[in-house]
Every structure is written in C-alpha cells, then in structure tokens.
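Enquirer: this one's structure only:
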C-alpha cells in the first residue's frame, strides 16, 4: 500500500481513496458514464465489476439499473464483458470487440452506436449525447499538483475528465510508473467557431502537456487496482498474411522508385489484427530506414520496429501488446519514451493531421465488392462484429488507403470478394487498394467497371472467380446502367446462400 | 478587340493569341487534359468545341482520338456535352452533370471516376493520374506580371497550371473584369511530408494571393471568348422545399436555445439544387444575423443573403447563378467583392477547415435507407446521376450533416426512404439528420434500430410507411442479427420492382 500511495503525490487527494464497491455507489440508473480504455488498454479494471454487482443487486430488488457507456474504443471481458452480462448496459459507443457484449448487441438487447473514433470526443463535447454524469478513468498516478498521469492509452480521457460532472479514478499500480511523460495531452481542441489549427507538422511533434488537467473538486473517488490490460496474444504471421505483406512492401518499393513516396516512406497507420501485424513484421527485413508511425494502436509489430531502430518514432493513442511484447516494452521503457508519443484519439485520428502528414492507412476488412466498396463491421449484413473504429478516419484522409483480407474464410465457404458488400463502411470513393493473398488491385483513378475486372482477376480466390465473372457479365447484359452494373435481385444472394446453406458456393 | 486585348496586360503574351481551332492542335490523342470549370462556372467555352471538331475530323480519317478530361466539377453542354457527343472522351473525372455525357457513361462508353472534390487536385499532384499534358483554363485576364486572374470559379485551376506541361488560356471577356481581387489563391498546399497547417481561422480569412502564378513558358495559346456560363434557372421554392427548409431553421432555433449553436449559427454549406436554395431563401426571413457561408458553390440563395446583409461573408470555389442572379451579382460587384472569397476546391472542401470551422452541411440526396445510409449518385443502383461532388467532404467533417429530399419522386412511384439504398455514398456513420417534407429524423447517437423507427415514422411518405414497417418487422423476425435487421433477398427488391413495373409500390 505504501508503494501504491506514492502514486498519488497530491497527498490531500489520498482522502478520496475507497473501495470499488463504495465508488460504484456514485453510478446511478440512467447515467451517461465515460470510461477510459482503447483496444484493451487503459480501461478501468475494478469499477465495471463493482457496477455490475451493484446492478444485479438492484435488479434482484426488482428495480431498474441501466447506464450508457462511452469509452475510447474496445475494453476487455472484465469491463464490457461483466457490464453486458449483468444486464446493466443500455447504450454503448463508439466501439467494442467483446464476445458477451457483441452477442447482446446482436440479440437486440443493447443499443450500439458505431462512430468514427475521431468524432466521439467532439460529439460529447458538443452536447450531442447529453450531459456526462461520471467519468471512470484509469491512471498511472497523480502528480503533486493533482494532474493526472494517463495509463497505456490516452483515448478520450482528457475530454471525459472535462465533460463529466463526477470523476472516479482507478490508479493501476501494475502499469509502469515510467509511462509518465510518454503522453502528449492537447489541452482543448475547442468547439467551433473557436478552433485553431493543430500545429503538428511531424508525427513525433509534441503539442501538449504530459498530464491531464483535472478539476480536483470533481474527483469523488480514487480506487487502487493492480491488474493487467487485456494483452491478447498475436498469431505468428502465416503464409497468407506474409503474401499480403510482401505485396504491400513491393508496392512501396515501386512507389519510391517512381518518386511518389519518400525513401523512408510516409507515416504508417496499421489497423488491429494479424495481417496488419504481418506487414510491420515484414518491414523489419526491408531496406526502409527511419520509418515513422502515426497510428491509432501501437501493437507488437510496431514495437519491434522501434526496438530494432527501423522505426524512428511512433505516435498512437493506445499501447496494445501481447504479454511477451509488454515485457519487451517494460524492459526498454527508457529507450522507448523518446520514441513513442501517446495522444488523444481526436489527435491520432484527426482528418486534418492524417491528410497533412500523408499517412499510409492499412486496415483489415470483412469483405469488399467488385466495385471497391468495403464492409468492415457486419457479418452477413446484419450481425455486428466490432465496429468501424478509426478505419474511416484513416481511409478517407490517407495518402494511400489499403484494405486487406485473406480471399476466403471458413475453409473457403465465404468469399471476401462478393458482388455487393452486405454492409457499406467505406465506399468506392475511399478505397485505393484491395489486397488479398491472391494479389493486389490498384483502384486509383479507375471507373467502377475497370475496378471490377482488377478486383476479380487479382484479389478473388480462384474458387470464386468464375462465379464473380458470371455475375458481372450477366449484370452487364441485364439492361441496367453500365456505370455500375448490378443484378439487384442477386446482389446479396451470396450472403443469403451462406445464411441458408453455410456456403457461398453453388452446390 | 481593343477592349479584349486590354485583358492581357502582359503585352508580350499577346503574341500567343490564336483561334480556338489553332489552339486545339496542341491536344493530341491519349492526352490527360485538365480543364477549369466548377458547377457550370468558369469552364472553357471555345476549346471543347474545337477539340470535338478536331476529334471528329480525325475519326473520319479512321484514326483514334480520345482524351481523358479532369475538371473541377460539372461544366456545361458546350464543354462536356460536345466532347461526349464527339466520341473523344475516354475518361472523365471527378464530377459531371451533363445529359449527353451522363448517357454515354451509363451506356458504358466513357469511364467515369467519381471522386471527392477535395481530393482530385492532390491525387493529380501526387501523380496518381499520370502526367497532365495540357491545361485549358478560363481566365478573366492576365496581369502585367503575367499572373492569371481566375474567372467565376477557382476550382482546380491553380493545380492544373502547376501540373500541366502546356497551358491554353481562354480569356472570356463576358466575365466581369472586376472579378479581379475576389479570389484567394493559396500558392501550394504541398505534398507530404512537406505540408503545413492551413492557417484559416474564419470563413472570410484570406490566406493567399489574388492571382495564379504561372510559368509563362508553358503558355502555348491564348484564345478569346465572349460567352456566358451555364447560368441555369432555379425553380421557385415550392411547398415541399419550404416545408423542408422550415424544419431545418426550426432546428437551428432549437440548437441555439440549448447552447449548441452560436446566435449567428456556424458557417453554412449548401449543396446544389432547389431544396438547398429554399433553405437559404427561408433564412432571409429568419431572426439570424451575421450569418457566414463556407461552401463549395455560391448560388442565388446565398447571393441574396449577402445582398440583404443577412450574411456577412461567403467563401466558395464557384459562383453559379441564374441569369437574373448574375445580373444582381454584376450590378453589385463592388459591394460583394469584400464579402465573397473564391478559393481552390482543395480549400473550400478541406476536411481540416470544414471540421475546424464547424460547417453546417446541407446536401440533397437521391434516397436514404431506414438505417441512415445515403445514396447521392446512382439511380436504381446502376445508373450514374451526377456524382458525389463535395457532399462527402462536408458530411464527414461537418458540425451538423443534413441530407434532404422530397419523400417521394415520380408522382409517388419512387420512395426516397427504402429498406436498403441501392448505392452507398454516405454511410450510417456520416449522416446526422434526414429531412423530408414529412419530417426530420435526428440520428445523432442512435443505434441502427433506433434510427429505423425515427426515419420510418418521421421521414417516409405515408404511402410507404406500412411497407417499410412490414419490411423492418419481418427483418427483425427473420433470425438474422438484430443490430441491423435485414432481409437479404428483399433488401433491394423495391428497386427491382421499380425497374420491372415503374412503381416501387405493391399493386
């Protein structure tokens, strides 16, 4: 406890220390609660369970208890999972990836609002979600002046601290104390018409303070925790991921040669997942040096590029590591502190900055269609997977926007290239490159029909190419417009067939 | 001719004066040609016809002649129309609205690449379209130093002048000479990693020069024209447009009252068309003062707000007036010159600036679906209407993003609210408000199913409400996911029925 107490250097604030169960009393039925947490990093570890237990006790009395929870992005079973399981979630935004919560969303039990991650802070600030009652924020510690030291993510923390009427802090002693000064907190992006340019010219520029300013009168409780982040394991890059990665890196070589890309590339954004991680792993063996990262989530692949010296610096809003990578991070934290900058998600995902810096956006997808529309969120058009996350912030504003996926899923029963995507998250206007292990389609400057030929020939799995050509040829002959030929009564039939038979292929 | 010659104050350049037919010789088969022109304003008036005639003569010899043409946005029959009719267009980007060209696109004769209007300049600058061979730019005149005075639009002119290997200028003496100094040309937005913030803090800030700098050695021809812009007439606001407008203005009142909007609103963007024009006409009679505009195209409605003093200033990339409004503009050009700023489309449509300024985006749509996805471009999923234009630049980054349409078209045979849009231009993540004459749906912070109820109840025409509810209810019962319930084999059946029977309604 002594060591823990040292994390609260503002001694008067130590009077606010209480148990999670005591702190949970501040959370009432109907409240809008802002929580820290981004991609399984920096979310509260104790309060969600305490709130869930409180909810169940209240439900047992036959009384209502439901809250709306807005975070930075995804959290973990001990946050989203326990809250969903307790039946205490009414609305959840802007992103999630928890199995229990996902099931409840798809069962129609919880309203889920899936929002571009750059926009959630400002939508709360503008008042579009109503007043925020309580913020529950994980921190590494509190300074002598009462400033907050963020944890493994900054996410929306600064905004929630400003917006909320009451603040509950979780001081997590398991997070490295030396995270202090790795953050860059921009005080206030402001509300129109009182906004200014973000004066960030390079990915590693610092434009804010190391700490979150906090109105200490709003702090109603401080709770100690000593628990790890989600720390999901990565799969080792497989042959399919490696083939996707190799094509992207070959493309970089080609663009550098033609003068469309600097020798050290442009700042990299890499979405979450094994394929994105494989691209970064592959860069380790490329000839590129002094690479930079300007991304949302910094994961194992980017960490290793920093440790090897291939990557000069990386800017992100969250550190989301496997257990092994976390160990490497903690072991090298002094080396990394000058190379990693953690910022608010409003900054890492800012359209202004992504376009100015010319970020290379690489994101996973569920499926693409023959005209270059991309589905990032829905399974068979109706079931939410995770959410759009920051993929729209990056794809729309990127210098190059890549969407990657293996060409088939479920042992070939699902084609990731379909006649029409069953849900649209990124339209034909925002997708420059589609890459599968089969090949890459460069859609820049192409009309829909030019794209269709490239995507079918280069990206689709051989098992599905003839089916796609057949669809496309019949669509061209159907008498509809020839700008974007479609058979309206067949466009979604592959998904329907999968729902009915478990296979998109014709028997 | 004397008066015309005075428009070229750099006397040595007068040696480059020639006929349009002579100048057209510089345009060769296979070339990429950049033209000025934005929403029927400031496009070249003489060269397109000369190129079309040249193409037909070459075709008559059995030889090929096709070019790719990139403009700012739409032009007019004497530009896009004659080029399409001559069979000389291979590729067209980023926007069009010409009947002849549209037919050829939908007949599969011309490849059309439909791009966010903020992105076309940078995609050319980055080299994504290859080298630009010739730029054909309408100007009002040329200064003593050889700087170009833009015309009724700035659009992409500055970029095309920089990118093109050869430049042909059309000096249009019908455009008012006093347009000089109304423009604000930002010299170079730059290419990553060498880009800087756009230091524009208010809609009427000037951040550039009045003129386009031009390498005079690249000017190969100067042609005189004396012809009007497209100058399309507006329909007088009808009862439907007025009902849509009244709801938006009532919403503004409500938001001002709740402190979410300043007393003079935020800068207005208004898409092209009668409904958008009606909103602006209605503002004339509202209590709001000192309104500002930060829009793409300045049309009659905004002009009259400026002339009445209701609007303090307006920033746009093009002036697109009816004949009557053009007369009012020309008559009051000295008054207006301090109130109107014409900029490159890369600036007017900049995500950085739209988000910073908190622009209120109001755009027309073809259809929306019950979950808030919007189709702005395609008729029945396959036929291109015009293009996405700047609607995506504004909707994604706006403080408020409105999409408006009458609830039905074709005497009720088409519902603008459908189970699933037949083409997606703006996804559920980018649409805050849908407004028809039936009512308004406020989608902020709502889940898909919450949106469906609002859109069906508030926006759909009564003739279609029960059909929509029936679809939605059966989708909920179908056993698919309940995040976004859909019947995959029926989602596009309304469009298919219209194609087959000419009516979306069940008989």
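Expert: All right, it came through fine. The structure presented is a predicted model; accordingly, all values stated were derived computationally and were not measured.
Enquirer: What parts of the stretch 101-250 of chain A come near chain B?
Expert: A:105-108, A:111-116, A:123, A:126-129, A:191-193, A:195-199, A:201-202 (C-beta under 8 Å from any C-beta of the partner chain). For glycine as for every other residue, the C-beta is placed from the backbone atoms N, C-alpha and C.
Enquirer: Give me the number of neighbouring residues for the residue in the stretch 101-250 of chain A that chain B sits nearest to.
Expert: Nearest residue of the stretch 101-250 of chain A to chain B, counting by C-beta to the nearest C-beta: residue A:192, 2.3 Å away. Other residues lying near residue A:192 total 19 when counted by other C-beta atoms under 10 Å in any protein chain shown.
Enquirer: Phi, psi for residue A:153 please.
Expert: phi -140, psi 150 (degrees, to the nearest 10).
Enquirer: right, and it touches residue A:71 too?
Expert: No: Residue A:153 is beyond contact range of residue A:71, at 9.6 Å (criterion: C-beta atoms under 8 Å).
Enquirer: If you count surrounding residues, which of the two has more?
Expert: Ranked by neighbour count (other C-beta under 10 Å), residue A:153 and residue A:71 place residue A:153 first, with 31 against 28.
Enquirer: Need the per-residue pLDDT for the more buried one.
Expert: Residue A:153 is assigned a pLDDT of 98 by the prediction.
Enquirer: what bridges to it?
Expert: residue A:318 (DSSP bridges).
Enquirer: which residues touch it?
Expert: Residue A:153 makes contacts with A:36, A:37, A:38, A:39, A:41, A:42, A:43, A:72, A:317, A:318, A:319, A:342, as judged by C-beta atoms under 8 Å, 6 or more residues apart in numbering or on different chains.
Enquirer: In those residues, find the pair that's most separated.
Expert: Pairwise distances across the contacts of residue A:153 peak at 14.8 Å for A:43 and A:342 (criterion: C-beta to C-beta).
Enquirer: Between these two, which is the more surrounded one?
Expert: Shown here are residue A:43 and residue A:342; by other C-beta under 10 Å, residue A:43 has more neighbours (33 against 28).
Enquirer: so what's that one scoring on pLDDT?
Expert: Confidence score, pLDDT, at residue A:43: 98.
Enquirer: One more: residue A:254?
Expert: pLDDT for residue A:254: 97.
Enquirer: Could you look up the SS state of it?
Expert: Using DSSP: H, G, I helix; E, B strand; the rest coil, the structure places residue A:254 in helix.
Enquirer: One more: residue A:3?
Expert: helix.
Enquirer: wait, doesn't it sit right on residue A:177?
Expert: No: checked against C-beta under 8 Å, the pair residue A:3 and residue A:177 is beyond contact range at 9.3 Å.
Enquirer: Between the two, which has more neighbouring residues?
Expert: A direct count of neighbours by other C-beta under 10 Å for residue A:3 and residue A:177 places residue A:177 higher, at 13 against 8.
Enquirer: Might you report the residue contacts of that one?
Expert: Residue A:177 makes contact with A:7, A:140, A:141, according to C-beta under 8 Å, 6+ apart.
Enquirer: Is it possible to get CSV of the residues you listed that adds secondary structure and neighbour count?
Expert: What follows is the contacts of residue A:177, written out as CSV (DSSP: H, G, I helix; E, B strand; the rest coil; neighbours: other C-beta atoms under 10 Å in any protein chain shown):
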residue, secondary structure, neighbour count
A:7, coil, 18
A:140, strand, 23
A:141, strand, 24
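Enquirer: now those in a markdown table, with pLDDT?
Expert: Compiled in a markdown table, the contacts of residue A:177 are given as follows (pLDDT from 0 to 100):
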| residue | pLDDT |
| --- | --- |
| A:7 | 98 |
| A:140 | 98 |
| A:141 | 98 |
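Enquirer: Closest one of those to residue A:254?
Expert: Nearest to residue A:254, judged by C-beta to C-beta, of those is residue A:140 at 43.5 Å.
Enquirer: tally of neighbours for the nearest residue to residue A:201 once chain neighbours are set aside?
Expert: Of all residues not flanking residue A:201 in the chain, residue B:196 sits nearest, at 6.6 Å (C-beta to C-beta, 6 or more residues apart in numbering or on different chains). Counted with other C-beta under 10 Å, the neighbours of residue B:196 add up to 12.
Enquirer: Tell me who's in contact with residue A:126.
Expert: Listed by C-beta under 8 Å, 6+ apart, the contact set of residue A:126 reads A:191, B:260, B:399.
Enquirer: Then residue A:504?
Expert: Counted by C-beta under 8 Å, 6+ apart, residue A:504 has contacts A:413, A:414, A:415, A:418, A:464, A:494, A:495, A:497, A:498.
Enquirer: how about a cut-off of 7 Å?
Expert: The contact partners of residue A:504, taken as C-beta atoms under 7 Å, 6 or more residues apart in numbering or on different chains, are A:413, A:414, A:415, A:494, A:497, A:498.
Enquirer: For the residue of the stretch 101-250 of chain A closest to chain B, list the residues it contacts.
Expert: Contact analysis of residue A:192 by C-beta under 7 Å, 6+ apart lists B:266, B:357, B:358, B:399.
Enquirer: show me which of those neighbour chain A.
Expert: Subset of those in contact with chain A: B:266, B:357, B:358, B:399, counting by C-beta under 7 Å from any C-beta of the partner chain.
Enquirer: Got the confidence number for the closest residue to the first one other than its chain neighbours?
Expert: Which is residue B:266. Distances taken as C-beta to C-beta, 6+ apart put residue B:358 closest to residue B:266, at 4.5 Å, once the chain neighbours are dropped. Looking at residue B:358, its pLDDT stands at 98.
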